[in-house]
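Asks: here is a sequence together with a model predicted from it:
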Amino acid sequence: MCPTGLALEHPAASTLLEYSKYGCPTQTGKDWTKQQIWEAVERGPHVSALSAEALEHFREEAREKVATGQARIVEWDKIKDNPPQHMKVSPIAAIPHKSKAFRSILDLSFSLRLRDGTTLPSVNDSTTKTAPGGAINQLGHALQRIIHAFAEATDDDKIFMAKWDIKDGFWRLDANAGDEWNFSYVLPQPPGEPVKIVIPTSLQMGWVESPPYFCAATETSRDIATTYCETEIGTLPSHKFDKHVSENEATRELPVTPLTNKSMRYLIEVYVDDFMAIVIPTKQEDVTHVGRAVMYGIHDVFPADDNDANDPISEKKLLKREGEMSTTKTILGFDFDGIEKTMWLESAKRDQLLTILHNWIKTSERSTNGIPFKEFESVIAKIRHAFTALPAGLGLLSPCNAILRTRKHMVYLQRNMALKQALTLCRTLLRESTTQPTRCKELVRAWPDYVGICDASSFGFGGVIVGEKSKCPPTVVRLQWPSDITENVKSDNNPNGTITNSDLEMAGLLLVFLVMEEIICDLNEKNIALFSDNTPTVSWVTRLASRHSVVAANLVAALALRLKRRRCCPLTPQHIKGSENTITDIPSRSFGSVPQWHFKSNDDLRTFFNSHFPLPNQVSWNVFQLHSGVAMRVISLLRIKHSSLDEWRRLPKIGSLTGITGPNMSRLWDWTLTYRTRHLHGGSEPSQDSQHEHDKEHSARDARYSLEQSLAMSRPLARRSLWPAEPTRSNH
């Protein structure tokens with residue numbers, strides 16, 4: 001790594017030049033004693049490094065690194081009586097890898113138990129962090145930026161993608177002279193061979209500071225690539241790897257000259273050592289231009305090698321056509337389609353998860369064997385990552401989250417039917433994604449097409465649905481709870497109740513969404529905002545998980561399955577003050593608990609709403625009648641009766657609008673805000689004085705601002721033009 005060209009004008013240039021000249025600082029704590037080093041050498045490599053295949057891997061890797069000057073090997077007998085000052089010895093491990101037999105990982109988090117009973121802190125634990133932290137604050141946003149770029153593309157756009165890998169990434173940054181002894185390890189060898197110590201001169205993948213040091217270089221490369229991209233198309237000279245990028249059939253199908261007056265759009269991202277570019281081109285030359293920009297950006301920080309096999313841009317990956325600009329590409333573990341604008345978990349990872357889940361479920365039916373906790377924890381983390389493309393699936397994981405909190409040694413599916421059912425449904429969703437990849441528009445929140453407002457009391461539920469960006473019939477809905485539900489609500493007078501008011505509110509939001517399904521029909525890629533005056537409910541829907549309530553966990557799972565079924569965008573749940581929720585307080589208490597709001601029929605409810613909440617242009621409210629079958633499914637979840645969540649993937653008719661139905665309308669959310677502070681007592685209206693009008697306007701402004709802020713928070717963090725806000729301070 002040595003910055004050249006445009007990289008010398010970057011704010012990080014002086015820092016990278018210093019790393020190139022002196023190496024990266026490595027403050028790893030107190031030096032080890034001779035006795036500690038002896039015991040670490042005696043401990044030797046990780047068991048994974050001792051198979052015949054692994055021994056061959058390490059022998060060849062060590063030979064290669066010595067030949068390139070990235071490591072040296074010394075015989076232990078020659079230094080053991082006077083080991084170097086900074087020598088620390090950690091176990092090397094062999095990790096299976098998808099593109100080669102093994103990846104070598106130096107376990108710098110390993111804490112050695114010494115003979116005297118004390119524990120020697122690991123290199124990572126004793127490291128003082130000096131690497132520039134700003135270099136890694138973009139990592140968690142790369143995938144989300146790509147998803148948003150796909151979601152914002154029009155249906156007729158063709159998105160081209162390519163990616164480039166830095167060969168032997170961390171090995172391209174050296175440690176300070178003398179500090180390389182911090183990363184020593186025993187070379188795995190057959191028994192009986194003299195002990196040899198490998199001393200890498202470069203940073204190691206297992207060191208806690210390696211990612212930020214390396215990302216300081218790759219983030220700079222990305223910034224330079226963007227600068228090159230902004231130059232006039234056609235001005236970048238040819239690159240030696242051009243043939244791997246744009247000389248393919250997909251590119252040749254693009255027009256030579258633009259067919260419209262649109263401009264090229266592009267996005268360049270980097271995730272540690274993986275560079276990614278997505279382009280919406282208008283002509284062939286656009287694709288070549290972006291590819292060259294990325295490769296020149298890389299070579300301005302990691303200089304090109306005359307031998308392509310040793311070039312920082314991995315020739316091996318180029319030969320696998322990863323750098324080829326095409327409309328399908330695997331990026332950060334997901335397969336993207338630039339024509340359909342879809343994504344799904346890459347096939348190998350999905351097949352592996354499906355096999356593991358199948359084996360878990362079948363084993364639980366045939367034996368009493370359990371699943372080791374570490375295996376369970378690892379697989380659930382992978383499922384959670386897979387659900388990046390299936391966000392509704394997160395709603396199924398509450399039973400899994402409960403197990404993860406216990407951290408018991410073994411997990412037994414046969415003893416936990418809720419857990420087994422959740423994992424079975426997770427497998428179903430993953431299997432279906434094979435033929436139903438997710439449109440990226442389904443993964444992004446935006447200003448709502450429809451708004452639902454909900455309230456629930458111990459007597460019943462009430463909700464209102466209006467169109468915002470899209471039209472729908474303005475609708476009010478209510479449902480009276482059966483007496484056993486009302487009597488089982490937990491309160492000061494009934495401390496032994498099993499249903500909380502928050503559970504009822506969660507059931508109300510589920511019912512609002514179900515009514516939307518029926519009156520709108522097509523929710524595909526639509527955005528929905530749901531308002532509730534109950535904070536726990538808003539939190540459950542936001543996270544699609546309930547930490548403590550079993551009732552809420554089942555209601556969330558049912559909602560998640562309906563979201564997946566309708567393929568709408570992630571919900572935007574919002575809190576509304578109870579004092580400002582009169583418009584749904586009324587239907588939820590319309591069964592006699594508040595005498596002035598007691599309506600014997602839906603017609604009475606409609607008449608009241610038309611009188612007290614008159615719609616623009618004298619349009620009439622619609623009243624929705626839930627069918628008993630669907631209502632009872634929700635009520636069964638409140639009763640904690642055993643039911644198959646799978647039945648929520650297929651529902652009978654949910655209900656229907658009653659009586660005279662009014663026309664579809666949009667842009668009604670602002671209108672509902674004018675009724676937030678209106679309180680009705682005995683049918684009388686409060687005086688409309690200036691203070692009341694001011695309160696209404698203030699409340700409406702707060703509501704709009706809150707929704708705008710929520711949507712802004714759901715978007716990926718915008719990049720700075722150059723990653724350090726100011727020149728990075730020297731560490732030497």
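Replies: Perfect, thanks for sending it. Numbering: from 1, shown residues only.
Asks: doesn't residue 185 lie inside a strand?
Replies: Yes - assessed with DSSP: H, G, I helix; E, B strand; the rest coil, residue 185 lies in a strand.
Asks: who is it paired with across the strands?
Replies: Counting by DSSP bridges, residue 185 is bridged to residue 198.
Asks: and if you look at residue 160?
Replies: With DSSP bridges as the criterion, residue 160 is bridged to residue 279.
Asks: so what's it up against?
Replies: By C-beta atoms under 8 Å, 6 or more residues apart in numbering, the contact set of residue 160 is 250, 251, 278, 279, 280, 281, 287, 325, 326, 327, 338. Backbone N, C-alpha and C define where each C-beta goes, glycine included.
Asks: which SSE is residue 165 in?
Replies: Using DSSP states H and E, residue 165 falls within strand 160-165.
Asks: go through that strand and flag the buried ones.
Replies: Of the residues in strand 160-165, 160, 161, 162, 163, 164, 165 count as buried by neighbour count, 16 or more other C-beta atoms under 10 Å.
Asks: please save the CA atoms from it in PDB.
Replies: Only the C-alpha atoms of strand 160-165 are listed here, as PDB (Å, rounded to 0.1, in the frame of the first residue of the first chain):
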ATOM      1  CA  PHE A 160     -25.200  -3.200 -14.300                       C
ATOM      2  CA  MET A 161     -22.900  -4.400 -11.400                       C
ATOM      3  CA  ALA A 162     -19.300  -5.400 -10.900                       C
ATOM      4  CA  LYS A 163     -17.000  -6.100  -8.000                       C
ATOM      5  CA  TRP A 164     -13.300  -6.200  -7.400                       C
ATOM      6  CA  ASP A 165     -11.400  -7.900  -4.600                       C
END
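Asks: quick check: mean pLDDT of it?
Replies: Averaging pLDDT along strand 160-165 yields 97.
Asks: tell me the gap between it and the middle of its chain.
Replies: 21 Å (C-alpha atoms, centre = their mean, to the nearest Å).
Asks: do stretch 386-405 as well
Replies: Relative to its parent chain, stretch 386-405 has a centroid offset of 12 Å by C-alpha atoms, centre = their mean.
Asks: out of the buried residues of strand 160-165, who's nearest residue 2?
Replies: residue 164 (18.5 Å; C-beta to C-beta).
Asks: show me the shaky parts of the stretch 1-150 of the chain.
Replies: Counting by pLDDT under 70, the stretch 1-150 of the chain contains low-confidence residues at 99.
Asks: and the stretch 601-732 of the chain, by the same measure?
Replies: In the stretch 601-732 of the chain (pLDDT under 70), the answer is 642-643, 676-698, 725-732.
Asks: how about the strands in it?
Replies: Using DSSP state E, counting those that start in this stretch, the strands of the stretch 601-732 of the chain run over 622-626, 655-658.
Asks: winner for burial among the ones you listed?
Replies: strand 622-626 (a mean of 22; mean count of other C-beta atoms under 10 Å).
Asks: gap between that strand and the chain center?
Replies: Counting by C-alpha atoms, centre = their mean, strand 622-626 comes out at 37 Å from the chain centroid.
Asks: and if you look at stretch 24-36?
Replies: In terms of C-alpha atoms, centre = their mean, the centre of stretch 24-36 is found 37 Å from the chain centre.
Asks: tell me how far the residue of the chain positioned farthest from its centre lies from residue 183.
Replies: Residue farthest from the centre of the chain, counting by C-alpha atoms, centre = their mean, is residue 81 at 51.3 Å. Per C-beta to C-beta, to the nearest Å, residue 81 is found 22 Å from residue 183.
Asks: for stretch 520-540, what is the average pLDDT?
Replies: Here stretch 520-540 scores 95 as its mean pLDDT.
Asks: alpha carbons of that stretch, as PDB, please.
Replies: What follows is stretch 520-540, C-alpha atoms only, in PDB (Å, rounded to 0.1, in the frame of the first residue of the first chain):
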ATOM      1  CA  ILE A 520     -57.200  -2.100  -0.800                       C
ATOM      2  CA  CYS A 521     -56.500  -5.600  -2.200                       C
ATOM      3  CA  ASP A 522     -53.200  -4.800  -3.800                       C
ATOM      4  CA  LEU A 523     -50.600  -3.800  -1.200                       C
ATOM      5  CA  ASN A 524     -47.600  -4.900  -3.300                       C
ATOM      6  CA  GLU A 525     -44.700  -2.400  -2.700                       C
ATOM      7  CA  LYS A 526     -47.000   0.000  -0.900                       C
ATOM      8  CA  ASN A 527     -45.900   1.900   2.200                       C
ATOM      9  CA  ILE A 528     -48.100   1.900   5.300                       C
ATOM     10  CA  ALA A 529     -47.900   4.000   8.400                       C
ATOM     11  CA  LEU A 530     -49.600   2.600  11.500                       C
ATOM     12  CA  PHE A 531     -50.400   4.900  14.500                       C
ATOM     13  CA  SER A 532     -50.900   3.700  18.100                       C
ATOM     14  CA  ASP A 533     -51.000   5.500  21.400                       C
ATOM     15  CA  ASN A 534     -49.300   2.500  23.000                       C
ATOM     16  CA  THR A 535     -45.500   2.700  23.200                       C
ATOM     17  CA  PRO A 536     -44.700  -1.100  23.600                       C
ATOM     18  CA  THR A 537     -46.900  -1.800  20.600                       C
ATOM     19  CA  VAL A 538     -45.000   0.700  18.400                       C
ATOM     20  CA  SER A 539     -41.700  -0.900  19.600                       C
ATOM     21  CA  TRP A 540     -42.900  -4.400  18.800                       C
END
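Asks: which positions in it come out as buried?
Replies: So, applying 16+ other C-beta under 10 Å, buried residues of stretch 520-540: 520, 523, 525-534, 536-540.
Asks: tell me which of those fall in strands.
Replies: Counting by DSSP state E, the part of the buried residues of stretch 520-540 found in strands is 528, 529, 530, 531, 532.
Asks: dig out what the first one forms beta bridges with.
Replies: Beta-bridge partners for residue 528, by DSSP bridges, are residue 450.
Asks: surely it and residue 453 touch.
Replies: No - Residue 528 sits out of contact with residue 453 when judged by C-beta atoms under 8 Å, with a separation of 11.7 Å.
Asks: give me the common contacts of these two.
Replies: With C-beta under 8 Å, 6+ apart, residue 528 and residue 453 have no common neighbours.
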